[in-house]
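Asks: Below is the sequence, then the predicted model.
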Amino acid sequence: MEIEKDKLIWMYRTMVRHREFEDRVVKEFGAGSIPGFVHLSQGQEAIPAGVMAVLKPDDYILTHHRGHGHLVAKGGDTAQMMAELYGRKTGIMKGKGGSMHLTDPDVGDLGADGIVATGLVTATGAALSAKMKKTGRVVVCFFGDGCLNTARFHEGVNLAAIWKLPVVYLCENKREPGATGCWLPLKACGWIRAESYCYIPPLAT
């Protein structure tokens with residue numbers, strides 16, 4: 001598949017913007033200027049840039065606790081995002097959300113959540129709404145491999161498969177959920193689990 005030059009330039013600029021935002025957060029947090037804690041995503045810039053490149057402006061996304069770059073790629077205001085990390089009232093969530101809860105419905109980002117795998121069921125609900133209202137919207141849910149052992153993963157993906165919802169669940173395999181290698185708590189590979197929820201049309205008789 002050939003990608004248009006303008007789209008490639010947009011993707012590159014988005015990745016650079018994502019990295020520069022995170023690098024600035026590292027600097028400010030290290031200096032003690034940002035309160036609380038931050039969850040960074042250096043090295044994952046290509047994932048949100050590639051996904052947003054094919055989404056429409058009114059499509060929805062849900063992210064995980066490392067969601068800064070996803071909101072950058074979806075068109076979030078980086079000045080408001082940074083103000084949010086500082087806890088200021090000019091922040092994108094009036095300073096009450098912080099690093100793990102960056103949300104901006106105006107650009108289609110329905111938010112991140114500090115509870116592992118919550119986005120999976122929220123995305124299912126958003127996709128059900130899109131289907132019932134016939135808006136034509138698609139929902140993309142970003143999640144990490146640490147979600148694969150949760151009930152929310154199975155609940156969300158199973159319902160989406162049963163109802164044939166317009167949702168894409170995208171696993172960002174970082175290979176280490178928290179500080180544990182993903183091969184330790186998983187008996188079956190993530191793709192095998194996901195495959196079990198794929199809709200397969202019945203054979204004609």
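Replies: On my side now, so go ahead.

Asks: who are the neighbours in contact with the closest residue to residue 37 other than its chain neighbours?
Replies: Once flanking residues are discounted, residue 37 sits nearest to residue 99: 6.5 Å by CB to CB, 6 or more residues apart in numbering. All C-beta atoms are positioned from the backbone trio N, CA, C, and that covers glycine. Contacts for residue 99 were tallied using CB atoms under 8 Å, 6 or more residues apart in numbering; they are 36-39, 65, 68, 85.

Asks: and residue 23, what element?
Replies: helix 5-30 (DSSP states H and E).

Asks: Which elements pack onto the helix or strand following that helix?
Replies: Next along the chain after helix 5-30, taking DSSP H and E as the criterion, comes helix 46-52. With contacts defined as 3 or more CB pairs under 8 Å, 6 or more residues apart in numbering; DSSP states H and E, helix 46-52 has these neighbours: helix 5-30, helix 68-74, strand 139-144, strand 167-172.

Asks: how about TSV for the ones you listed, with mean neighbour count, mean pLDDT and distance to residue 94 added?
Replies: As requested, these are arranged in TSV below (neighbours: other CB atoms under 10 Å; pLDDT from 0 to 100; distance: least, CB to CB, whole Å):
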stretch	mean neighbour count	mean pLDDT	distance to residue 94
helix 5-30	15	97	19
helix 68-74	27	97	16
strand 139-144	25	94	24
strand 167-172	19	92	28
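
Asks: To residue 61, which of those lies closest?
Replies: Closest approach to residue 61 among the helices and strands packed on helix 46-52 (CB to CB): strand 139-144, 4.9 Å.

Asks: Buried ones in the very next helix or strand once past that closest one, by neighbour count?
Replies: Sequence-wise, the next helix or strand downstream of strand 139-144 (DSSP H and E) is helix 151-163. Residues 152-154, 156-157, 159-161 are the ones in helix 151-163 that count as buried (16 or more other CB atoms under 10 Å).

Asks: and if you look at stretch 78-98?
Replies: Of the residues in stretch 78-98, 78, 80-85, 91-93, 95, 97-98 count as buried by neighbour count, 16+ other CB under 10 Å.

Asks: I'd assumed residue 167 was in contact with residue 161.
Replies: No: Residue 161 is beyond contact range of residue 167, at 9.7 Å (criterion: CB atoms under 8 Å).
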